[in-house]
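S.K.: The sequence isn't on hand, but the structure is:
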């Protein structure tokens with residue numbers, strides 16, 4: 001396919017995904033992005049397979065849908081010009097949760113996972129800025145999917161809130177301590193901390209605060225300003241959304257999981273309420289330190305951002321699965 005470089009540059013710079021990039025940042029994308037053009041009824045990727053990369057759509061429409069038990073299919077969404085698909089697998093190399101089927105002649109540009117890895121591991125500023133754009137895109141999708149689940153609560157039926165560990169524990173909590181008191185060798189048995197050398201781990205932990213919190217303690221509430229994120233060392237926390245006495249539990253975060261990072265990335269509020277599910281030990285990363293890790297060219301920052309990428313992708317995957325389940329239940333109820 002003949003490619004007009006000027007048109008390619010104009011398209012990529014016009015994408016909402018890349019609005020924050022400079023022309024210098026776009027140079028690497030201009031080099032690697034390959035044009036594609038397919039007819040209607042073309043499968044770009046399939047559920048249960050790892051997408052080979054992400055598609056930047058300039059024309060056409062793509063239907064995203066999922067197979068569910070009972071030989072049913074659930075529509076997730078339809079995307080078109082100016083949107084991007086396949087970005088979750090770019091972040092975590094996980095299996096696709098949906099099929100991507102073109103509804104009409106569709107064209108744009110394709111960036112492979114291999115090409116994006118080459119950019120990311122180069123640690124060039126353009127590569128880091130591109131990954132920041134992808135994180136913002138994932139954050140936007142997480143907020144949209146959370147809003148979809150909220151809509152099912154306001155429209156559907158749900159029971160009253162039970163005493164399930166989400167009510168705030170009003171008791172006295174211990175003051176935070178230094179994370180340097182933790183046994184670093186034992187800490188490295190957890191996947192998140194295993195990626196650091198002992199020297200890197202000590203540097204990574206030093207600015208944080210260590211909390212020991214009781215069951216039921218609320219860490220943050222939906223709509224409150226995001227001023228920190230938390231890493232679970234022992235125990236578990238749970239995120240929930242509420243509307244008019246109705247609730248939906250979204251996710252449980254056990255040891256080595258990162259929670260509350262969304263607002264630190266996009267500047268928004270916490271989209272959920274997060275409470276301690278059982279006696280839990282947590283590390284707190286405040287906003288200032290998170291920004292330092294995100295901007296510094298140090299190896300610990302790069303490793304931490306890799307964890308952030310994976311956590312965002314996992315959160316989005318859980319929401320898509322939840323929406324698929326809720327949609328499948330609605331289809332079943334309609335038939336009954």
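M.R.: Okay, I see it. Here the structure is a predicted model, which means the values were calculated and not measured.
S.K.: In contact with residue 128, which residues?
M.R.: 120, 305 (C-beta atoms under 8 Å, 6 or more residues apart in numbering). (Glycine included, C-beta is placed from N, CA and C.)
S.K.: again, but for residue 232
M.R.: Residue 232 touches 253-257, 259, 280-282, counting by C-beta under 8 Å, 6+ apart.
S.K.: For the host helix or strand of it, which residues meet the burial criterion?
M.R.: Using DSSP states H and E, residue 232 sits in strand 228-234. Under the neighbour-count criterion of 16 or more other C-beta atoms under 10 Å, strand 228-234 has 228-233 buried.
S.K.: now those residues in CSV, with distance to residue 22?
M.R.: Converted to CSV, these look like this (distance: C-beta to C-beta, whole Å):
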residue, distance to residue 22
228, 30
229, 28
230, 33
231, 33
232, 37
233, 39
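S.K.: now, among those, which is nearest to residue 10?
M.R.: For the buried residues of strand 228-234, the closest approach to residue 10 (C-beta to C-beta) belongs to residue 229, at 37.0 Å.
S.K.: I figured that closest one hits residue 285, correct?
M.R.: Yes - using C-beta atoms under 8 Å, residue 229 is in contact with residue 285, at 5.1 Å.
S.K.: re the thing from before, widest-spaced pair of the contacts of residue 232?
M.R.: Among the contacts of residue 232, 259 and 281 lie farthest apart (C-beta to C-beta), at 13.5 Å.
S.K.: When those two are compared, which one has more neighbours?
M.R.: residue 259 (23 against 16; other C-beta atoms under 10 Å).
S.K.: Can you report phi and psi for the residue lying closest to that one once chain neighbours are set aside?
M.R.: Nearest residue to residue 259, sequence neighbours excluded (C-beta to C-beta, 6 or more residues apart in numbering): residue 253, at 4.6 Å. Main-chain dihedrals, residue 253, degrees, to the nearest 10: phi -110, psi 110.
S.K.: my read: residue 253 touches residue 234, true?
M.R.: No - contact criterion C-beta under 8 Å: residue 253 and residue 234 do not qualify, at 11.9 Å.
S.K.: Break down the stretch 1-150 of the chain into its helices, ranges please.
M.R.: Secondary structure of the stretch 1-150 of the chain (DSSP state H, counting those that start in this stretch): helices at 5-14, 23-32, 87-92, 113-122, 125-155.
S.K.: do the same with the stretch 151-300 of the chain
M.R.: Using DSSP H, counting those that start in this stretch, helices in the stretch 151-300 of the chain cover 184-187, 191-194, 198-205, 262-266, 287-295, 299-335.
S.K.: care to break the chain down by domain?
M.R.: For the chain, automatic domain parsing gives the domain ranges 5-122, 150-335.
S.K.: would JSON lines of those domains with mean pLDDT and distance to residue 130 be doable?
M.R.: Below are these laid out as JSON lines (pLDDT from 0 to 100; distance: least, C-beta to C-beta, whole Å):
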{"stretch": "domain 5-122", "mean pLDDT": "90", "distance to residue 130": "6"}
{"stretch": "domain 150-335", "mean pLDDT": "86", "distance to residue 130": "12"}
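S.K.: can you put those domains in a markdown table and add distance to residue 139?
M.R.: Putting those into a markdown table (distance: least, C-beta to C-beta, whole Å) gives the following:
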| stretch | distance to residue 139 |
| --- | --- |
| domain 5-122 | 11 |
| domain 150-335 | 4 |
